[in-house]
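Participant: Here's a sequence, model it:
(one chain, ligands or ions: 1)
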Amino acid sequence: MRFDVVTLFPELVETVVKCGVTGRAAERGLIALRQWNPRDYAADVHRTVDDRPYGGGPGMVMKGDCLLQAIRDARQENPGKVVYLSPQGTPLNQALVSELAGERGIILLCGRYEGIDERVVKLEVDMECSIGDYVLSGGELAAMVLIDALTRLLPGALGHHESAVQDSFFDGLLDCPHYTRPEILEGMEVPTVLKSGNHAEIARWRKKQALGKTWRRRPELLQARQLTDSERVLLDE
Ligand code: SAM
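Facilitator: Numbering: from 1, shown residues only. Here you go, the predicted model:
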């Protein structure tokens, strides 16, 4: 999957392809990252990318002209959707990540300051996406969140032991608790069933834990999901 990121801080976004799952995916050619800095399109000697807002008020606004040129150049190489990372956008969740993972490429537009000139949104943005109801200083961290979440779903990006199908939200539930050695940590023991070698019992325990945790922490997820008869029994036990 190809990511083209329009950003004033390419050095920040670059780190996403330097380590971990996304780093390995980049090395193996599963993802590619190219960045477009609006500053490279600024016409004046100071390479100005922001200006005062019409109507007054605090802060600066990212200028539309250099953003439009950067996006349009990115579009020449990436036919994917243009996604503006914005606190006003559609809240990101696993369902939206799965939907976007079907794209071959995506152009991520990162705002700074008070945001970007609204006409850029009207002219070139296909969707706005928020990573949560809080305000960041820029869209870069949000773009990196999206790149990471999308990469995890690409075939071959995760090793078997990291498989995305057992993660929270994949089947509409939170993940079960995990344990590793040592068997006793500060007096707390690993649940006996996990050491039993009985795979059916382990799977049952994990499902029960996942159901219970989801019910306690995120009951609305259970309401949105059709429980099977056996899951209902486990939850009621
Ligand atoms: N004035 C804007 C508002 O209140 O909607 C906030 C601007 S914010 C300081 C600067 C940039 O950070 C935004 O243009 C956007 O790209 C990014 N950003 C901030 N919060 C975000 C969030 N929750 N999700 C995605 N992007 C966000």
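Participant: how far does stretch 90-103 stretch from start to finish?
Facilitator: Separation of the first and last residues of stretch 90-103 by C-alpha to C-alpha, to the nearest Å is 17 Å.
Participant: Go ahead and name everything in contact with that stretch.
Facilitator: Here stretch 90-103 makes contact (C-beta atoms under 8 Å, 6 or more residues apart in numbering) with 1, 80-81, 83, 106, 127-133, 145-146, 149-150, 153-154, 168-170. Any C-beta I mention is one placed from the backbone N, CA and C, and that applies to glycine too.
Participant: give the contact list for whatever residue of the chain ends up closest to the ligand.
Facilitator: Here the chain gets closest to the ligand at one residue, residue 111, 2.2 Å apart by C-beta to the nearest ligand atom. For residue 111, the contact set (C-beta under 8 Å, 6+ apart) comprises 62, 84, 85, 86, 138, 139.
Participant: Check which residues of the longest strand seen in the chain are buried.
Facilitator: Across the chain, the longest stretch assigned as strand under DSSP state E is strand 81-91. The neighbour-count check on strand 81-91 (16 or more other C-beta atoms under 10 Å) flags 82, 83, 84, 85, 86, 87, 89 as buried.
Participant: Look up which residues are beta-bridged to the closest residue to the last one other than its chain neighbours.
Facilitator: Read that as residue 89. Among residues not flanking residue 89 along the chain, residue 128 sits closest, at 3.1 Å (C-beta to C-beta, 6 or more residues apart in numbering). Note on residue 128: beta-bridge partners by DSSP bridges are residue 84.
Participant: can you count the residues close to residue 128?
Facilitator: Neighbour count for residue 128, taken as other C-beta atoms under 10 Å: 16.
Participant: my read: it touches residue 121, true?
Facilitator: Yes - between residue 128 and residue 121 there is a contact at 7.1 Å, judged by C-beta atoms under 8 Å.
Participant: residues shared between the contacts of the two?
Facilitator: Residues touching both residue 128 and residue 121 (C-beta under 8 Å, 6+ apart) are residue 84.
Participant: hey, where'd the helices end up in the chain?
Facilitator: Listed in chain order, the helices found in the chain under DSSP state H are 10-14, 20-27, 64-77, 94-101, 118-124, 140-152, 199-217, 219-223, 229-236.
Participant: what's the residue closest to the geometric middle of the protein?
Facilitator: Centroid-nearest residue in the chain, with C-alpha atoms, centre = their mean: residue 146, separated by 2.7 Å.
Participant: Next one: it from residue 73, what distance?
Facilitator: From residue 146 across to residue 73, the span is 21 Å (C-beta to C-beta, to the nearest Å).
Participant: Could you tell me how far stretch 25-40 lies from the centre of the chain?
Facilitator: Centroid separation between stretch 25-40 and its chain, computed with C-alpha atoms, centre = their mean, to the nearest Å, is 16 Å.
Participant: is that stretch up against the ligand anywhere?
Facilitator: No - using C-beta under 6 Å from any ligand atom, stretch 25-40 stays clear of the ligand, with a minimum separation of 12.4 Å.
Participant: And that stretch, end to end?
Facilitator: With C-alpha to C-alpha, one end of stretch 25-40 sits 28 Å from the other.
Participant: Check stretch 183-202 too.
Facilitator: Start-to-end, stretch 183-202 (C-alpha to C-alpha) is 16 Å.
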